[in-house]
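Peer 1: Any chance you can model this:
(one chain, ligands or ions: 3)
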Amino acid sequence: KQHFAINELENQLRKAIDENQLKLFLQPIVDLTTGKIVKCEALARWITPEGKFISPEVFIPLAEKSELIFPFGEWLINEACNAIDALKGANLDIRLAINISGRQVSDLALLNQIKNALEDHQLPGSNLSIELTESVLVESLDVVSVLLNELRGMGITVSIDDFGTGFSSLVYLKKLPIDELKIDRSFVKDIPEDDNDMEITAAIIAMAQKLKLDVVAEGVETIEQVEFLQNNNCFIVQGYYFSKPVAEDDIP
Ligand code: C2E
Ligand code: CA
Ligand code: CA
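Peer 2: Ligands and ions are numbered 1, 2, ... in the order given. Next up, the predicted model:
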């Protein structure tokens, strides 16, 4: 029965991708020193024709388990380019960060998909950024390294997502071409109540600075968290305190 239910959802997802039922929402990433949006993160949304909301935490793993992650990836990169175009039309020339899953990274088609989409839309790589989790990196440092070098050669920046929650081998910080660390929400959410979380957050910020990496705090919901981050030299933040992910027309 379970098996049948998963197959059913998989079929629905295939249909959703084909029929363009998925939407990209954007969440601003803010520079506290200027108060301006420096970047947005693209987050996929699926609302079925019956009006049911299905979380990306459900359908992304499902896509990854099937072959659907490949057509999804193609949809995502093209949709991201459309969003960048639309923002430019509203006089906002910013980077858009997209999330890349493990199986996409080990597939060489990804690079061509990104190249083609940028070319079709006549956009520079400086409008794009990719977010990878630590679990993606443990797979094969050499393959990932080649890919990241290619992407950075095009002007695309690379962030490590959910930093601190994966296997946290620090080797890849040394070996891979990375621009930014994103401190996971789980460390931010209990600031200022949890002393350990504050120490860990401060330590990640200090390490990023020593390694000359940018650092973004995720899941910032309160003014106390903003102040803590500011006092600890983290000036780029993302979270409900500023904005939830919203439809692209709401960004300007
Ligand atoms: P993520 O990449 O860590 O994305 C951040 C998640 O935190 C988003 O959840 C966002 O809505 C949520 N968030 C942001 N600020 C706050 C805050 O202040 N408080 C709280 N409580 N939550 C906040 P969302 O959109 O449900 O996405 C969940 C995960 O699904 C993402 O985590 C990402 O791993 C995955 N995902 C979403 N879209 C895509 C996609 O297009 N491709 C891939 N591969 N994964 C995606
Ligand atoms: Ca992310
Ligand atoms: Ca994250």
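Peer 1: Please count neighbours and contacts with C-alpha atoms only from this point.
Peer 2: Fine.
Peer 1: quick one: the strand ranked longest in the chain near ligand 3?
Peer 2: When the chain is parsed with DSSP state E, its longest strand is strand 36-47. No. Using C-alpha under 5 Å from the ion, strand 36-47 never reaches ligand 3; the gap is at least 9.7 Å.
Peer 1: Next one: the residue of the stretch 101-250 of the chain found nearest ligand 3 from residue 215, what distance?
Peer 2: Residue nearest to ligand 3 within the stretch 101-250 of the chain: residue 162 (4.3 Å; C-alpha to the ion). Applying C-alpha to C-alpha, to the nearest Å, the value for residue 162 to residue 215 is 12 Å.
Peer 1: And for residue 94?
Peer 2: Distance, residue 94 to residue 215, using C-alpha to C-alpha: 17 Å.
Peer 1: so where do the helices sit in the stretch 101-250 of the chain?
Peer 2: Taking DSSP state H, counting those that start in this stretch to define them, one finds helices in the stretch 101-250 of the chain at 102-105, 109-120, 134-137, 141-153, 171-175, 185-188, 195-210, 223-231.
Peer 1: Residues in contact with the longest helix seen in the chain: which ones?
Peer 2: Criterion DSSP state H: the longest helix present in the chain is helix 69-89. Helix 69-89 is contacted from outside by 17, 24, 42, 60, 63, 93-96, 98, 100, 103-104, 110, 113-114, 117-118, 121, 123, 127, 248, 251-252, using C-alpha atoms under 8 Å, 6 or more residues apart in numbering.
Peer 1: Spatially nearest residue to residue 28 (excluding sequence neighbours)?
Peer 2: Excluding its sequence neighbours, the residue lying closest to residue 28 (C-alpha to C-alpha, 6 or more residues apart in numbering) is residue 40, at 4.4 Å.
Peer 1: of the contacts of helix 69-89, buried ones?
Peer 2: Burial by neighbour count, judged by 16 or more other C-alpha atoms under 10 Å, picks out 17, 24, 42, 60, 63, 93-96, 98, 100, 103-104, 110, 113-114, 117-118, 127, 248, 251 from the contacts of helix 69-89.
Peer 1: and the next helix or strand after the longest helix of the chain, is it in reach of ligand 3?
Peer 2: Note on helix 69-89: by DSSP states H and E, the next helix or strand toward the C-terminus is strand 95-99. No. Interface with ligand 3: strand 95-99 contributes nothing (C-alpha under 5 Å from the ion), its closest point being 8.9 Å away.
Peer 1: one step back: what's the overlap in contacts for residue 162 and residue 215?
Peer 2: Taking C-alpha under 8 Å, 6+ apart as the criterion, residue 162 and residue 215 both touch 182-183.
Peer 1: Which one's more surrounded, the two?
Peer 2: Neighbour count, other C-alpha atoms under 10 Å: between residue 162 and residue 215, residue 215 has more, with 25 against 21.
Peer 1: Up against ligand 1, what does the chain have?
Peer 2: Selection of the chain residues close to ligand 1 by C-alpha under 6 Å from any ligand atom yields 43-44, 55-57, 60, 99-101, 162, 219-221, 238-240, 245.
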